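**Student:** Provided below are the primary sequence and the corresponding predicted coordinates.
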Amino acid sequence: MPIRVLSGVLAIALTVAVAACDENLSDVTGPTQNLTPTFSSIQRDIFDAPDSAGRLACTQCHNAVGGRFNGLDLSAAVSYGNLVGVGSRGKVGAVRVIAGDPENSYLIHKLEGRPGIVGSRMPLLGPALTEGQILVIKRWIELGARND
């Protein structure tokens, strides 16, 4: 089979797998049933809104006057520019969101409370995001962290 044909078949298979994966995300998002792996959804349903589990909106702390939180303003007008491809002010060498690479994105480390983070797991006032909510954010990063 020529490489071009094989590449095309693999691309189609990957697209189908990705689409199926995203459909199942709504089954695991817990208190944010409408959350999808797009930046606009993450902004609306995670950063800007509390959820039924009692988690406050991220922008309660991470806003224009929240400079004490390592300068991370998650207000809608500036959040994307403060996250994607931007180095962490709290941990030297860490990048907040690396498009296509959720495992090395410091945002994920902070949300999961991984060893080696500077400061506390986020959100600080809890409760933590569910595994499903974090999975959706990881999926957005994996898909290229587009400003969609």
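**Tutor:** Looks like it came in fine. Numbering: from 1, shown residues only.
**Student:** residue ranges for the strands of the protein, please.
**Tutor:** Under the criterion DSSP state E, the chain carries no strands.
**Student:** can you list the weak-confidence ranges in it?
**Tutor:** Applying pLDDT under 70 to the chain flags the ranges 1-33, 66-68.
**Student:** What number of residues are in the vicinity of I137?
**Tutor:** Other residues within reach of I137, judged by other Cβ atoms under 10 Å, total 23. Heads up, the C-betas are built off the backbone N, CA and C, glycines and all.
**Student:** and it, what does it touch?
**Tutor:** Counting by Cβ atoms under 8 Å, 6 or more residues apart in numbering, I137 touches 37, 42, 46, 102, 107-108, 111, 129.
**Student:** Against H62, how distant is it?
**Tutor:** Separation of I137 from H62 (Cβ to Cβ, to the nearest Å): 15 Å.
**Student:** one step back: among the contacts of I137, which one lies nearest to S79?
**Tutor:** I42 (8.9 Å; Cβ to Cβ).
**Student:** Isn't that closest one up against L35?
**Tutor:** Yes - counting by Cβ atoms under 8 Å, I42 does reach L35; the two are 7.2 Å apart.
**Student:** Give the intersection of the neighbour lists for those two.
**Tutor:** Common contact partners of I42 and L35 (Cβ under 8 Å, 6+ apart): V136.
**Student:** just the contacts of I137 now: which is nearest R89?
**Tutor:** Taking the contacts of I137 together and measuring to R89 by Cβ to Cβ, the closest member is L107, at 13.0 Å.
**Student:** Just list the residues touching that closest one, thanks.
**Tutor:** Residues near L107 by Cβ under 8 Å, 6+ apart: 83, 96-97, 137, 141.
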